[in-house]
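> got a sequence here, can you build the structure:
(2 chains)
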Amino acid sequence: MAKIAPILYGDRRVYTVSAFNRGVAGYLGKLPAVWVEGEVTELRRNEAWATVFLTLKDPATGACLKVTIARRTYDRLDLGLAEGETVHVAGRAELYELKGELGLRATTIERVGLGDHLLALERRKRALAAEGLFATERKRPLPRLPRAVGILTGADAAARGDLVATIGARFPLTKVVVCEARVQGKGAPEAIVSALRALARHPEVDVVVLARGGGSFEDLLPFSDESVVRAVAACPVPVVSAVGHEQDTPLCDLAADVRAATPTAAGTLVVPVLGELEAGLEASRRRLALAVRRLLDRDRVRLERLGERLRAAPRLLLERRRAALDRAAARLQALSPHATLERGYAIVRSGGEALRAAAAAAPGDALEIELAAGSLGATVDEVRP
Amino acid sequence: MTEERSFEELQAELEQIVTRLERGDVPVDEAIGLFRRGEELYRACAERLEAAELRVEELTSRDSD
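Alright, predicted model coming up:
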């Protein structure tokens, strides 16, 4: 640091204002970093400025301290500070040399009293969970193809834009019903509840998406409000919650049927990809045609086989009958007496009766002897019984 | 009588007739009657099958855009 040199008027050392301020600034810069508590007033943030300005006020005495913080640092904290809030600011004393104003160059800001909020939230979460509002059994599946998607959003162009764009890209025919509501600050819970009811009443809305981009803990508090959580749980159509960032878990996330990390993720959850659906449908149709053809082919083969068997059956049956008949004829033939006569036997009749015993005839009886060819007339000479 | 019955019923009857004829314990006079009935059933089944095949062709070729 350049030495701050006085101007000498005789033996009087005189400093210019700039030199004085620079000198004091140098001393202040050696002070340690500290935490300062106060109420936020005169908060000024402008996109065009690299620095965010605010004034910390001591509520007890009205003492004020100007605070500056780099806009990038401030934005990254994502506090959504409002005037009148109590904060802790970490930083070092600094002097705005041009004005000779004392200030605090902040490195970070923390909201005071967040602990109470968190505690209340945790209590509410446990109470609602005990009631079963977050139970897995309560979760409903999302409709495969909603007629219309209801979107509940704040004046949050990005979240809404992402969601609508995703839905449009996946399933262009889906109708989107947007309901804008006040989603942060005073009256937000009531606004969210009534918007949710309005969307659910819409005759075509089959699923509702709560789309809210990231925000500070406080900004997201309405989505943990008991009335909102209950309204989400009681919503007649399934609800997808896309509120805040991944690390935030507002209670409505737990009550919703499905939680989405981002509005884009919510979009992919609520509608299928039209092309995939069409391809699936086309594949089903091909399989359907193939299946019915296979069925008919099977029937055709069976029928043809039956037809062949039918046509073959009568001939087989008749052949078998013919064979049986021939066998019967042969047996008949075998039993005929004529065949016996052929072998040299004769039939001897007396008075027309075939003789079976010698005793049945007496000497002198006339006999008729039948041979295979012709017959003989004879007389009994002697009986030898 | 063949009309109001299903294809499966007709085919089942045909199957029965063929089995009986093949078993061969049918009186000859009855066998002729059975064979005639079998032919009738076969034709009825074949017609139904053809009609079904035609209808499937029609349906699958329609608006296959």
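> what about stretch A:139-153, how long is it end to end?
Counting by C-alpha to C-alpha, to the nearest Å, you get 22 Å between the two ends of stretch A:139-153.
> where does the chain dip in pLDDT?
Picking chain A for this. In the predicted model, chain A carries pLDDT under 70 at residues A:1-2, A:113-116, A:246-247.
> you looked at the wrong chain, it should be chain B
Along chain B, segments meeting pLDDT under 70 span B:1-3, B:62-65.
> same thing but 90
B:1-8, B:11, B:20-32, B:35, B:48-65 (pLDDT under 90).
> near chain A, which residues of it are found?
B:7, B:11, B:14-15, B:17-18, B:21-22, B:24, B:26, B:28, B:31-32, B:35, B:38-39, B:42, B:45-46, B:49, B:52-53, B:56, B:59-60 (C-beta under 8 Å from any C-beta of the partner chain). Just so you know, the C-beta spots here come from the backbone N, C-alpha and C atoms, and that holds for glycine as well.
> and those residues, which are buried?
Among these, those buried by neighbour count (16 or more other C-beta atoms under 10 Å in any protein chain shown) are B:7, B:11, B:14-15, B:17-18, B:21, B:26, B:31, B:35, B:38, B:42, B:45, B:49, B:52-53, B:56, B:60.
> circling back to that earlier point, in helices, which of the residues of chain B next to chain A appear?
B:7, B:11, B:14-15, B:17-18, B:21-22, B:28, B:31-32, B:35, B:38-39, B:42, B:45-46, B:49, B:52-53, B:56, B:59-60 (DSSP state H).
> so who does the residue in the stretch 251-385 of chain A that chain B sits nearest to touch?
Taking C-beta to the nearest C-beta, chain B has its nearest neighbour within the stretch 251-385 of chain A at A:Ala313, 3.5 Å off. Listed by C-beta atoms under 8 Å, 6 or more residues apart in numbering or on different chains, the contact set of A:Ala313 reads B:18, B:21-22, B:35, B:38.
> you'd agree it is in a strand?
No - applying DSSP: H, G, I helix; E, B strand; the rest coil, one finds A:Ala313 to be helix, outside a strand.
> and it, how far from A:Arg320?
Using C-beta to C-beta, to the nearest Å, A:Ala313 is found at 11 Å from A:Arg320.
> just want the most central residue of chain B.
Using C-alpha atoms, centre = their mean, the residue of chain B that lies closest to the mean C-alpha position is B:Cys45, 2.8 Å off.
> what is the nearest of the contacts of A:Ala313 to chain A?
Of the contacts of A:Ala313, the one sitting nearest to chain A (C-beta to the nearest C-beta) turns out to be B:Leu21, at 3.5 Å.
> got the contact list for that closest one?
A:310, A:313-314, A:316-317, B:31, B:34-35, B:38.
> could you redo the last one with a cut-off of 7 Å?
A:313-314, A:317, B:31, B:34-35 (C-beta atoms under 7 Å, 6 or more residues apart in numbering or on different chains).
> please apply the same query to A:Arg287.
Applying C-beta under 7 Å, 6+ apart to A:Arg287 gives no contacts.
> SS state for it?
Taking three-state DSSP, the label given to A:Arg287 is helix.
> quickly note the distance from it to A:Thr16.
Taken as C-beta to C-beta, the span from A:Arg287 to A:Thr16 is 91 Å.
> do A:Asp253 as well
Counting by C-beta to C-beta - A:Asp253 and A:Thr16 are separated by 61 Å.
> cool, and B:Glu47?
B:Glu47 is 117 Å from A:Thr16, where distance means C-beta to C-beta.
> surely A:Ala158 forms part of a strand?
No - assigned with three-state DSSP, A:Ala158 falls outside any strand and is helix.
> for the residue lying closest to it once chain neighbours are set aside, list the residues it contacts.
In space, A:Ala158 comes closest to A:Gly213 once its chain neighbours are excluded; the distance is 5.5 Å by C-beta to C-beta, 6 or more residues apart in numbering or on different chains. Contacts for A:Gly213 (C-beta under 7 Å, 6+ apart) come out as A:156, A:158-159.
> among these, the buried ones, what's the PyMOL command?
Selection of buried members from these for PyMOL, criterion 16+ other C-beta under 10 Å:
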select buried, chain A and resi 156+159
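> quick one, helices of chain A?
A:17-28, A:71-77, A:114-130, A:157-170, A:188-201, A:217-220, A:226-234, A:251-255, A:263-270, A:274-335, A:337-342.
> and those, which is most packed in?
helix A:251-255 (a mean of 25; mean count of other C-beta atoms under 10 Å in any protein chain shown).
> who's in contact with A:Leu133?
By C-beta under 7 Å, 6+ apart, the residues touching A:Leu133 are A:229, A:233, A:255.
> could you measure from it over to chain B?
Taking C-beta to the nearest C-beta, to the nearest Å as the criterion, A:Leu133 is separated from chain B by 49 Å.
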